[in-house]
Every structure is written in C-alpha cells, then in structure tokens.
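*Asks:* Mind folding the following:
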Amino acid sequence: MSNSKVLVVSHGHPDLSKGGAEVAAYNLYSEYKKRGIESLFLARTDIQAHGGSTFSTRNDENEVLYHTAMGDFFLFQSAYKKHIWQDFKLLLESFKPTVVHFHHYIHMGLEMIQQVKNSLPDAKIIVTLHEYLAICGNNGQMVKPGPQMKLCYKAAPSDCATCFPERSAADFFLREKYIKSVFDNVDKFVSPSDFLVDRYVDWGLPKEKITMIENGQPKADFLPPRQLAKGECRGRFAFFGQVNPFKGIDVLLQAFSALPEKVKQQVHLDIHGANLEHQTGEFKEKVKELLGELEGTVTMHGSYEPHEMPGLLAQTDWVIIPSVWWENSPMVIQEAYKHGRPLIGSDIGGMAEKIKDGETGILFRTKNPVDLASKIKEVVSNSTCWKKYVDNIQVPITIEECADIHLKEVY
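*Replies:* Predicted coordinates for the structure are as follows:
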C-alpha cells in the first residue's frame, strides 16, 4: 500500500453527525493518515456552503465537506447531477485515488460509484454496507410499515409493493435491477456482521465479493466496576442511541414499568439519546406517558458526545439494546465491550450475533417487555452474574487491526 491513495467517502462528518457509520469511516481514515498513507475524507453535509460551492474543508485540507443532497430516495439518486458528473469528477481527477472506499451512498447518490468507474477505471471501489437500504424500501430497516412493525425476512418485488401500494411490483423489480447494475462496479463489499452478509447474499450479491470486518475501535482499558453503596445491587441500566420507534425505547420503558415495586426500588435506567421531539405524535405521547409513570426510576439525559461515553459507562452496570429491527453491528455494543460492560439485547440480527447469550450478556425476545422485565429482575437478584459476564467479554477489534485487514485483504 506504499503507493496507494485512499479516498474515504461518508454520508456525514462525525463533527456534524454522530452516527456509527460516520464514526467508523472517520476512524479508518484517521488510522490511514496516521500511517502516512495519502488519504482524503469526503463527507456529505446538508449545511449550505459559503458562496454556494460544492466542496469546503473541515479541520484541514484532507477533510472535505460535500454540500449536496439526494433527490430520489427510492433509487438513491442525487438531486444535483452537476455535483457528480462535473465537481466530483474533477475531485477524482485531481486527487487520483487508487482506492475509493464508500461507507454509504445515501444523501449523496449511487451515481458517485458509477462516476468513479468512469473517471478512474483502474481504481478499486469498496463499499461498506451498514444496513439494508439496497434491499428494503422502508429506510433499509426490513420492517414492514405500520404500527405492528413486523419483521421482514426476505424482500420480493410483490411483497414490497404490498408494503408500499403507491408503487407497483415492477417499480421494485426495476429498482433492484438498477441498484445491482451500479453494484456491479464494486470490487469488494465489506460488512460489519455475518448477519448482514447473509442478507445480501440471499438478495443476490456474490458471496466471494463480501468480506466481514467488524468496525474497529480505538484502544481502551476496561473501566473499574461501579462503586456500590452498602446493600446496593448492580441495578444501574443505560440506553444509548436515537429515541425512535425502531430503537425500541417504548419496549424498554414498558419493561421497567412491569417490574415489581420491590425491584423498581433497586434499579435505575438512564436514557442517553435525542430526537424524541421529532417523532410522530402517537409514539411521542406513549413515551412521555411511560416516562411520567416511571418518574424517579428513569432519567432522560438527552444527547451525548462520543468522548463522554467512558464517563457515562463508568456509572453504568448494564447496557440495554431493545431495538425492534434487525440492526447490523450497533456501535454501542463495541463501546460497551471495550469498556467492560455487559449487554442485554434483542434476540435478532446483529445483536444476537454480537451478544453471546449467557456468556457476555443476555438476549430477550424482541418486542417483548415482559421477557425483558424478567431478564432485568434476574440480573438484579443474581449478585454474581455481572462479574461472570464481564470476565467473558472479548476485547473488540481495534482500529489498527481493522485497518490491517482492509489493507491486506480488501484493498
């Protein structure tokens, strides 16, 4: 890789957008830069550029903000074709990367992949798949629209048209053909979980073109156990992430509401997350009502910065991930593990893959607050299980190890 030049493309800059995919992309770019590999980080933003330019810099000249937007979310096409066919083309011809690594295409446009192939036919194109957007028209969640949020196990044009009656099965058939035609330009796909690999292979991507590489984490030591007051149990639970229906925050609150009063007096739930105010009225009212019932047992803290995570986890015994969709490889799992905190999570998707039930944490039946309540009651009553789970935690892959695998096996 001594003569390689790497362009890392992300749908957001972690300074401006705190999602796991943005952080994963930036961590990888930073590691390449630290090793002396000539690298450029291109991150999309919806902030208007000064003077209306397509690009601007952030932090230094190697971090470029891409001021653009997507006009067609069904086909993931850019709203500004000039940004791709002219401005992005000029950037490619100027920097001349030997590897272009896309960590997303949403908000930017699939045409970017085609433009790399057109401008630099010898450049290697890598795409990290962070969710199921190409497969599922429902925000890539593989959850059927509607209040029941039923899990979807396999996409098919006729079934997708049932979920979205305003579109025909032919629309979804052609959507799939279009996305796969663009994906034909990709040399290698990367997935942070085996579960996601299986979903995309089932959808039709060649298995030999997908490599599973977990998102690397900066090194960190295990945090010491939280100091307990006399007679206190390990009953401090925490949720980290967006407060929306897909993340199962209502399931979590219902579980705490279902706890016996004696157990409620022994536990506390800290919710570290934002965006409740942006949710639909029905969901928002449901959450607010549950929070009112759980006053004194649950504390809403709002959003947090990544650098605050160790301090927040230091005051936590258990991290709960109650998501009602498949997830892929939630960053919070690696964050918890690298700091020595066990997890309680839904028994589907990447959560079931990453949380070893009975070893490094506990799985509960998805969307089942009664089962989650029973798991919470179980760990509160068992004073020895916490240490057993912590002792079984394996340190997640570091960003250095992650970069090594990309450089040796993917690039």
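
*Asks:* just so I have it, where are all the helices in the stretch 1-150 of the chain?
*Replies:* If DSSP state H, counting those that start in this stretch is used as the criterion, the helices of the stretch 1-150 of the chain fall at 20-34, 81-82, 89-95, 111-119.

*Asks:* repeat for the stretch 201-350 of the chain
*Replies:* Going by DSSP H, counting those that start in this stretch, the stretch 201-350 of the chain shows helices at 249-257, 261-264, 281-293, 309-314, 331-338, 349-354.

*Asks:* And the fifth one, what does it pack against?
*Replies:* Where contact means 3 or more CB pairs under 8 Å, 6 or more residues apart in numbering; DSSP states H and E, helix 331-338 is packed against helix 20-34, helix 309-314, strand 318-321, strand 343-346, helix 349-354. No exception for glycine: its C-beta is placed from N, CA and C like everyone else's.

*Asks:* and residue 235, which of these is closest to it?
*Replies:* Closest approach to residue 235 among the helices and strands packed on helix 331-338 is made by strand 318-321 (8.4 Å; CB to CB).

*Asks:* Please name every helix or strand in contact with that closest one.
*Replies:* Using 3+ CB pairs under 8 Å, 6+ apart: strand 318-321 touches strand 236-240, helix 331-338, strand 343-346.

*Asks:* Of the ones you listed, flag the one that's most buried.
*Replies:* Neighbour counts (mean count of other CB atoms under 10 Å) averaged over each of the helices and strands packed on strand 318-321 peak at strand 343-346, with a mean of 26.

*Asks:* Just the residues contacting that strand, thanks.
*Replies:* With contact meaning CB atoms under 8 Å, 6 or more residues apart in numbering, strand 343-346 is reached by 237, 248, 318-324, 327, 333, 336-337, 351-352, 355, 360-367, 372, 375-376, 379.

*Asks:* What about residue 73, how many residues nearby?
*Replies:* 12 (other CB atoms under 10 Å).

*Asks:* Show me the shaky parts of the stretch 51-200 of the chain.
*Replies:* Applying pLDDT under 70 to the stretch 51-200 of the chain flags no residue at all.

*Asks:* Show me the protein divided up by domain.
*Replies:* Per automatic domain parsing, the structural domains of the chain span 5-217+399-410, 236-392.

*Asks:* Adding distance to residue 224, write these out as JSON lines.
*Replies:* Below are the domains of the chain laid out as JSON lines (distance: least, CB to CB, whole Å):
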{"stretch": "domain 5-217+399-410", "distance to residue 224": "19"}
{"stretch": "domain 236-392", "distance to residue 224": "8"}
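
*Asks:* So which of the ones you listed is nearest residue 223?
*Replies:* That would be, of the domains of the chain and by CB to CB, domain 236-392, which comes in at 4.8 Å.

*Asks:* next one: that closest one to chain centre, how far?
*Replies:* Distance of domain 236-392 from the chain centroid (CA atoms, centre = their mean, to the nearest Å) equals 16 Å.

*Asks:* from now on call the first residue 609
*Replies:* Fine by me, first position is 609 from now on; the one you just mentioned is domain 844-1000.

*Asks:* What average pLDDT does that domain get?
*Replies:* Computed over domain 844-1000, the mean pLDDT rounds to 94.

*Asks:* same question, stretch 1011-1019
*Replies:* Average pLDDT, stretch 1011-1019: 95.

*Asks:* My understanding was that residue 737 contacts residue 794; is that so?
*Replies:* No - Residue 737 sits out of contact with residue 794 when judged by CB atoms under 8 Å, with a separation of 10.0 Å.

*Asks:* more neighbours, these two?
*Replies:* Between residue 737 and residue 794, residue 737 has the larger neighbour count (other CB under 10 Å), namely 26 against 19.
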